[in-house]
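**Q** just need the structure, nothing else, for what follows:
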Amino acid sequence: MVASPPFASSATGRVLFVDDEPANVELFRLQFETRFNLATAANAAEGLEILSTSGVDVLVSDERMPGMRGVDLLAMAAQRWPDVVRIIVSAYGDAARLLAAINHGHAHEYVLKPWDAAELGACIGRALVVAARRRALTETASRALHAEADVAAPYELGGIIGRDSGLAATLAVAARAARAAVPVLVEGEHGTGKELVARFVHAESGRPGPFLRASCAHVAPERLAVDLFGVESAEGFARGRLEAAKDGTIFLDDVCELPLPLQARIARMLDEGTFDRIGGATPVPFAARMVASTHRELEKLVASGAFVRELAYHFTVRVPVPPLRERGGDVVALARHFAEKHVLPGEAQRLIDPVALASLEEYGWPGNVRELESIIARAVALATGPALTLDDLAFRLDLPAVAVSPKEEARSAEAVELRRLLLAHGGNLTRAARAVGVPRTTLLSRAKKLGLLP
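**A** Below is the predicted model of the structure:
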């Protein structure tokens, strides 16, 4: 029996090799086509097209190629397809660029040229194992989300947890907006769940295409332009998100942070219904629905010259998402949902005691739903008792100091002392009242007036 080569891998997946030298491509195929599911490309543009249109698990690229170099290809792949495991193949003289690529997270491994078949094969095998693990984690998370949706059904509206009338009104507006083909702007503070509302609009629209998200903040303008519009050269072209979202929805997250030249370009696209790829001259039809989000007022940005008026005109249909502090009973529903969502494997679901729930409802939530989830997730991870208590949450419930009247200060001090009393007796009113020598009904009345109990 012949022993397996040292670089054989039991993991499955597709490997894309990009190199502009036909001899290298042919050598790669001869060495690895019997062991891996291969695809090849002669340049970065062709590689990007394959990444856009078919599933790739591992990307292996040469560094020195005409046009876009390998490190730049890996950087773009890292942004657009972060789950793809990336390997760079290059000569020793490119060590500085390779090190920078690894430090920035654009490349997972590198192999020096001329490559050794066993070394490169082992590297690809490791990459396929990583890719397989990522797929398994994604599938597990997907199953968990579906199970979670079933459990949380009493609190959900269109996949968004909440019972308060303010959120119901938001979803009603979003449902009406979904039936039209015009662009939609979702407005709200950071952390309110604007992307969930955008996904709700897409789901309600019934469009068969994908929902694709593009972040407009903290991305270099040149990279964002290619990500949105795609790129075209004499060697070929690669589609951007605006093209890939055909028959679906393109979601521009934080459109208020979009650079002015790209704002003007998108406004022109919405006017004409077509756009050009970067470096291209052939119009491409825009066949997607546009939804955008903003945490800033567009009118003020237009007045200050920070937002293109022509683009703002297109966002006449707007869906406001209220902050969590205005959504009343949603805090309790969300807190219970997150306590269940973040329960550790093998542990029982943690309840939240009434005092802790009351404190959560009192808090102003400047970070909105995102902050609430962060607090509950950490509390679930660190708590030792069967229920989350005020002690498990108090490390983040530190409201900034504000000027208050003597009456308000006295009320606040009483609330703090009463909280501590209830906490010391496990939330049991009878034991707490007995400890301070007052009737249970008196303590219950004060707790309700101070907002500690419903």
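
**Q** tell me where the protein is predicted with low confidence.
**A** With pLDDT under 70 as the threshold, the chain has low-confidence stretches at 1-11, 92-96, 98-105, 133-160, 162-166, 394-413, 415-416, 419-420, 422-427, 452-454.

**Q** measure residue 388 to residue 341 for me?
**A** The spacing between residue 388 and residue 341, counted by CB to CB, to the nearest Å, is 13 Å. The C-beta positions use only the backbone N, C-alpha and C, and glycine is treated the same way.

**Q** between the two, which one's more packed in?
**A** More neighbours surround residue 388 than the other of residue 388 and residue 341, with 24 against 18 (other CB atoms under 10 Å).

**Q** contact partners for the more buried one?
**A** Shown here is residue 388, whose contacts under the criterion CB atoms under 8 Å, 6 or more residues apart in numbering are 339, 350, 351, 352, 353, 356, 376, 379, 380.

**Q** ok, it to residue 50 distance?
**A** Distance check for residue 388 against residue 50: by CB to CB, it reads 48 Å.

**Q** settle this for me: residue 336 is touching residue 350, isn't it.
**A** No: with contact defined as CB atoms under 8 Å, residue 336 does not reach residue 350; the gap is 9.7 Å.

**Q** can you give me the helices in the stretch 251-400 of the chain?
**A** Counting by DSSP state H, counting those that start in this stretch, the stretch 251-400 of the chain has these helices, from start to end: 260-272, 298-303, 309-314, 330-341, 354-362, 368-382, 390-393.

**Q** residues making contact with the second one?
**A** Residues external to helix 298-303 that are found in contact with it (CB under 8 Å, 6+ apart): 185, 256, 307, 308, 309, 312, 315.

**Q** burial of the fourth one, as a residue count?
**A** By that I understand residue 308. By other CB under 10 Å, the residues close to residue 308 number 22.

**Q** leaving out sequence neighbours, find the closest residue to it.
**A** Among residues not flanking residue 308 along the chain, residue 263 sits closest, at 4.0 Å (CB to CB, 6 or more residues apart in numbering).

**Q** list the contacts of stretch 69-76.
**A** Outside stretch 69-76, the residues within contact range by CB under 8 Å, 6+ apart are 18, 44, 47-48, 59, 61-64, 68, 86, 88-90, 97-98, 100-101, 104, 106-107, 223, 226-227.

**Q** from the chain's centroid, how far away is it?
**A** Its chain's average C-alpha position is 23 Å from that of stretch 69-76, according to CA atoms, centre = their mean, to the nearest Å.

**Q** wait, isn't residue 440 in contact with residue 428?
**A** No: counting by CB under 8 Å, residue 440 sits too far from residue 428 to count as a contact (9.8 Å).

**Q** coming back round to it: filter the contacts of helix 298-303 down to the buried ones.
**A** The neighbour-count test (16 or more other CB atoms under 10 Å) marks 185, 256, 307, 308, 312, 315 as buried among the contacts of helix 298-303.

**Q** can I get the residues you listed in TSV with distance to residue 288?
**A** Supplementary listing: the buried ones among the contacts of helix 298-303 in TSV, determined by distance: CB to CB, whole Å:
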residue	distance to residue 288
185	16
256	20
307	22
308	20
312	20
315	16
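
**Q** among those, give me the pair with the biggest separation.
**A** Greatest spatial distance among the buried ones among the contacts of helix 298-303 (CB to CB): 185 and 308, at 13.8 Å.

**Q** ok so, going back, of the contacts of stretch 69-76, grab the buried ones for ChimeraX.
**A** A single ChimeraX command selects the buried members of these (16+ other CB under 10 Å):
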select :18,44,47,48,59,61,62,63,64,68,86,88,89,90,97,98,101,106,107,226,227
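
**Q** residue 260 and residue 224, how far apart?
**A** Shown here: residue 260 relative to residue 224, a distance of 12 Å by CB to CB.

**Q** who has more neighbours, these two?
**A** Between residue 260 and residue 224, residue 224 has the larger neighbour count (other CB under 10 Å), namely 22 against 13.

**Q** tell me which residues are up against the host helix or strand of the more buried one.
**A** Element membership for residue 224, per DSSP states H and E: helix 221-229. Contacting residues not belonging to helix 221-229 are listed as 75-76, 79-80, 214, 216, 219, 238, 240-243, 258-259, 261-262, 265-266, 275-278 [CB under 8 Å, 6+ apart].

**Q** if we can go back for a sec, which one of the contacts of residue 388 is nearest residue 32?
**A** Checking the contacts of residue 388 against residue 32 by CB to CB gives residue 380 as the nearest, at 45.2 Å.

**Q** list the residues that contact the nearest residue to that closest one once chain neighbours are set aside.
**A** With sequence-adjacent residues excluded and distances taken as CB to CB, 6+ apart, residue 380 is closest to residue 342, at 4.5 Å. With CB under 8 Å, 6+ apart as the criterion, the residues that contact residue 342 are 373, 376, 377, 380, 381.

**Q** what number of residues lie near the spatially closest residue to the first one that is not a sequence neighbour?
**A** Translated: residue 373. Nearest in space to residue 373, with sequence neighbours left out and distances taken as CB to CB, 6+ apart, is residue 338 at 4.9 Å. When neighbours are counted by other CB under 10 Å, residue 338 registers 21.

**Q** ok, residue 338 touching residue 370?
**A** No: contact status for residue 338 versus residue 370: not in contact, 10.7 Å apart, counting by CB under 8 Å.

**Q** inside strands: which ones of the contacts of stretch 69-76?
**A** Of the contacts of stretch 69-76, the ones assigned to strands by DSSP state E are 18, 59, 61, 62, 86, 88, 89, 90.

**Q** partner residues bridging the first one?
**A** Spelled out, it's residue 18. According to DSSP bridges, residue 41, residue 61 are recorded as the beta-bridge partners of residue 18.

**Q** mind checking how far it is from residue 45?
**A** Relative to residue 45, residue 18 is positioned 10 Å away (CB to CB).

**Q** contacting residues for the residue nearest to residue 228 when sequence neighbours are not counted?
**A** In space, residue 228 comes closest to residue 240 once its chain neighbours are excluded; the distance is 5.0 Å by CB to CB, 6+ apart. Applying CB under 8 Å, 6+ apart to residue 240 gives the contacts 226, 227, 228, 229, 230, 231, 277.

**Q** can you count the residues close to the last one?
**A** Just to be clear, that refers to residue 277. Other residues near residue 277 number 23, with proximity taken as other CB under 10 Å.

**Q** which residues touch it?
**A** Taking CB under 8 Å, 6+ apart as the definition of contact, the neighbours of residue 277 are 229, 230, 231, 232, 237, 238, 239, 240, 243, 284.

**Q** let's have those in a markdown table, adding distance to residue 176.
**A** Putting these into a markdown table (distance: CB to CB, whole Å) gives the following:
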| residue | distance to residue 176 |
| --- | --- |
| 229 | 30 |
| 230 | 32 |
| 231 | 37 |
| 232 | 38 |
| 237 | 38 |
| 238 | 36 |
| 239 | 31 |
| 240 | 30 |
| 243 | 28 |
| 284 | 30 |
